[in-house]
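In: Prediction below, plus the sequence it came from.
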Amino acid sequence: MRQEVLNWLHTAVPEVRLQHILRVEQMAIALAEAHQLSVVQAQQAALMHDLAKCFAPEKLLAVAAAEEWELDPAEQQVPHLLHAPVGAVVAREQFGITDETVLRAIAAHTLGSPDMDAIGAVVYLADALEPGRGDTPQLHHLRQLSYGDLWKATYETCVFSLQHLLERRRPVHPRTILTHNGLLTICRQSTQSVTA
Ligand SMILES: [Fe+2]
Ligand SMILES: [Fe+2]
C-alpha cells in the first residue's frame, strides 16, 4: 500500500512536495508513538494528507461539486483550501481507504476541525511543524510541546497559523475560528481536571 501511494505521488507532486510528505509521515509516526496512538492510522493519514495538493483549482471545485459540498466563500475564493478534503476523496477512491479516522485526519489537516480527534491532531501538527517548516524559536517550542502535550500544542499551533494569516492580511476560513474555539475548550477542560 505505501509503495503504491508513493508511486502515485511521484506522478502527482514535485519532488520538493514529496520530501515534505515524507517528513510529515516521519513526524506523525513519532508523535503517535509518543502519545500511544495508532501508528498505522497516523502513518496512512500523513502519507496521504497532500494527495490533492497540486490539483488545479477547477479540479478541486469539480470534486467539491461532485461530492455536493456546500462551500464557504473562503473556499470559493481560494479553492486550494479544498486540497485537504479532496485528498480524503482521493484516498477513498484511489486507494480504497475506508477508515473514517484516517479520512477525517486528511480532510482536516489544513483548517483543523472543532471536533478533531487525536489522530487528526497528530497529522495537523506534523504538517505544520515538520522540520522543513523552518527553525525559528517559536517552531522549536511548538515541536517540543507537541511531544509533551498534544492538545495544548494543537491549540498553540492553531494560534500560530491564525497569526500568520492575520499578519499577511489573508482571509481566515470560519472553520479555523471554530477549530481555535474547540481546542481552547479542550485545553481549559484538561487544565481544570489537572487543578481540580
Ligand atoms: Fe496540505
Ligand atoms: Fe502538507
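Out: Everything's here; your move. Numbering: from 1, shown residues only. Ligands and ions are numbered 1, 2, ... in the order given.

In: correct me, but residue 132 touches residue 18?
Out: No - Residue 132 lies out of contact with residue 18 (CB atoms under 8 Å); the separation is 11.5 Å. C-betas here are computed from N, CA, C, even on glycine.

In: Pop out the phi and psi values for residue 169.
Out: For residue 169, the backbone dihedrals are phi 60, psi 40 (criterion: degrees, to the nearest 10).

In: Near ligand 2, which residues of this protein are found?
Out: Neighbours of ligand 2 within the chain, by CB under 5 Å from the ion: 50, 127.

In: So for the longest helix that the chain contains, mean pLDDT?
Out: Across the chain, the longest stretch assigned as helix under DSSP state H is helix 174-195. On average, the pLDDT along helix 174-195 is 87.

In: and that helix, how far out from the chain's middle?
Out: Centroid separation between helix 174-195 and its chain, computed with CA atoms, centre = their mean, to the nearest Å, is 18 Å.

In: Flag every buried residue along that helix.
Out: Residues 175-176, 179-180, 182-183, 186-187 are the ones in helix 174-195 that count as buried (16 or more other CB atoms under 10 Å).

In: so what secondary structure elements neighbour the helix or strand hosting residue 145?
Out: In this structure, residue 145 is located in helix 137-148 according to DSSP states H and E. For helix 137-148, the packing partners by 3 or more CB pairs under 8 Å, 6 or more residues apart in numbering; DSSP states H and E come out as helix 15-34, helix 118-129, helix 150-167.
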